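J.: Turn this into a structure:
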Amino acid sequence: MISFVKFWIWEMLSARQFVGLALIGTLIPLTQTLTLVEMTDVVTKCALGQNFTEASIPGLLKAEYSFDQATKCFLRCMGHELKVYEDASGVLMNAMWILLRPGRKAEEENEFAASHAKCLEENLAKVPADDYCEKAYATYKCFADEWVALVKEMIVVPSVDLVFGV
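T.: A predicted model of the protein is given here:
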């Protein structure tokens, strides 16, 4: 599987860009808690756990989701792997804040938690307690815009061209 991801990345980038991206992904976190390399590993693990094909992984890396049952369970796995979600307690708000915080002031944390808590309460009220994938998806919907923005920023990596003059 890792060889497929490396092949996919290789096809998308020249050798020089690939080396630059690998250096950026391993040495400089693109966010406070998640690098592109870590993201690729988590997406790959969760995708294979839900029996997605290898061909679907590039789309999942770009947060292109279909929202069928397998995707909802994939999102549950992502939450577990990123340590921002647990089945018993739901979203771990402080961990989610740290993940999605880049570009925000520390004093915005309480507002972040309050605004998302209302969404979570509304979404989770409609989901059976034993439907773990649907609960994870209902939770995801409250953070979707911020998550997609984070992923898009991480995947684009515009600084590779500037840093390496490619």
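J.: Would you map the helices across the chain?
T.: Secondary structure of the chain (DSSP state H): helices located at 2-12, 15-27, 36-49, 57-61, 69-81, 93-100, 109-124, 132-156, 159-164.
J.: To residue 87, which of those lies closest?
T.: With C-beta to C-beta, the closest approach to residue 87 among these belongs to helix 132-156: 5.2 Å. Just so you know, the C-beta spots here come from the backbone N, C-alpha and C atoms, and that holds for glycine as well.
J.: Could you tell me the angle between that closest one and helix 93-100?
T.: Here helix 132-156 points in a direction 30 degrees away from that of helix 93-100 (axes from the mean of the first three to the mean of the last three C-alpha atoms, to 10 degrees).
J.: contacts for helix 132-156?
T.: 30-31, 34, 36, 39, 61-63, 67, 69, 71-73, 75-76, 79, 85, 87, 90-91, 96, 99-100, 102, 116, 119-120, 123-124, 126-129 (C-beta atoms under 8 Å, 6 or more residues apart in numbering).
J.: can you pull the contacts of residue 52?
T.: 60, 70, 74.
J.: So what touches stretch 61-78?
T.: 39-40, 42-43, 45-47, 49-52, 60, 85, 87, 132-137, 140, 147-148, 151-152, 155.
J.: For the buried ones among those residues, write the corresponding ChimeraX selection.
T.: Buried residues among the contacts of stretch 61-78 (16 or more other C-beta atoms under 10 Å), as a ChimeraX selection:
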select :39,40,42,43,46,47,50,52,60,85,133,134,135,136,137,140,147,151
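J.: that older thread, which member of the contacts of residue 52 is positioned nearest residue 111?
T.: residue 74 (29.5 Å).
J.: what's the burial count for that closest one?
T.: 26 (other C-beta atoms under 10 Å).
J.: swap in residue 75?
T.: Residue 75 - counted by other C-beta under 10 Å - has 24 other residues nearby.
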